[in-house]
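*Asks:* predicted model follows, preceded by the sequence.
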Amino acid sequence: MIGKWTRETNGQGLYEITDEVRRQVARAKIDQGLCTLFIRHTSASLVIQENADPSARRDLENWMIRHVEEDDPLYTHTAEGPDDMPSHIKAALTQTSIGIPIDDGDLVLGTWQGIFLWEHRTAPKRRDLVVHIQ
């Protein structure tokens, strides 16, 4: 089964999408398998990260901003603004696809794990996601 949906973002940051992925898995009505999640963009990414304490998300976001700065004079890919090349670097450092096992009809995630869309652009965006469940 393949499912598609869009997610609106309000600019840079981690957006939890665990519940939406779980809904897609429930629609598939399978007991065991694999859920592969893919984001169809080069300036946003997917990560599995702690979903209990928001400070973990803030620390990750701040670390990434500190290490991949905007307005680096070495960047030549700047057609869409100062966050253009940094957003691509951030996506390259993370991932555009995640595989998660399914058991008993649900995602096999750890106690504190959630699935996040990581928006790397500063402006609001509409992001396309695809889930493949087998």
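*Replies:* Looks like it arrived, so ask away.

*Asks:* CA atoms for contacts and neighbours, from now on please.
*Replies:* Noted.

*Asks:* gap between stretch 16-28 and the chain center?
*Replies:* Centre-to-centre, stretch 16-28 and its host chain are 14 Å apart (CA atoms, centre = their mean, to the nearest Å).

*Asks:* buried stuff in that stretch?
*Replies:* Buried residues in stretch 16-28, counted by 16 or more other CA atoms under 10 Å: Glu16, Thr18, Val21, Arg22, Gln24, Val25, Ala28.

*Asks:* in TSV, list these along with distance to Trp63 and secondary structure.
*Replies:* Shown next, in TSV, are the buried residues of stretch 16-28 (distance: CA to CA, whole Å; DSSP: H, G, I helix; E, B strand; the rest coil):
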residue	distance to Trp63	secondary structure
Glu16	18	strand
Thr18	23	helix
Val21	27	helix
Arg22	29	helix
Gln24	31	helix
Val25	32	helix
Ala28	37	helix
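
*Asks:* with those residues in mind, which one is nearest to Leu46?
*Replies:* Taking CA to CA as the measure, Leu46 lies nearest Glu16 of these, at 9.8 Å.

*Asks:* what is the neighbour count of the closest residue to that closest one other than its chain neighbours?
*Replies:* The shortest distance from Glu16 to any residue other than its chain neighbours is 4.3 Å, reached at Phe116 (CA to CA, 6 or more residues apart in numbering). Phe116 sits with 20 neighbouring residues when counted by other CA atoms under 10 Å.
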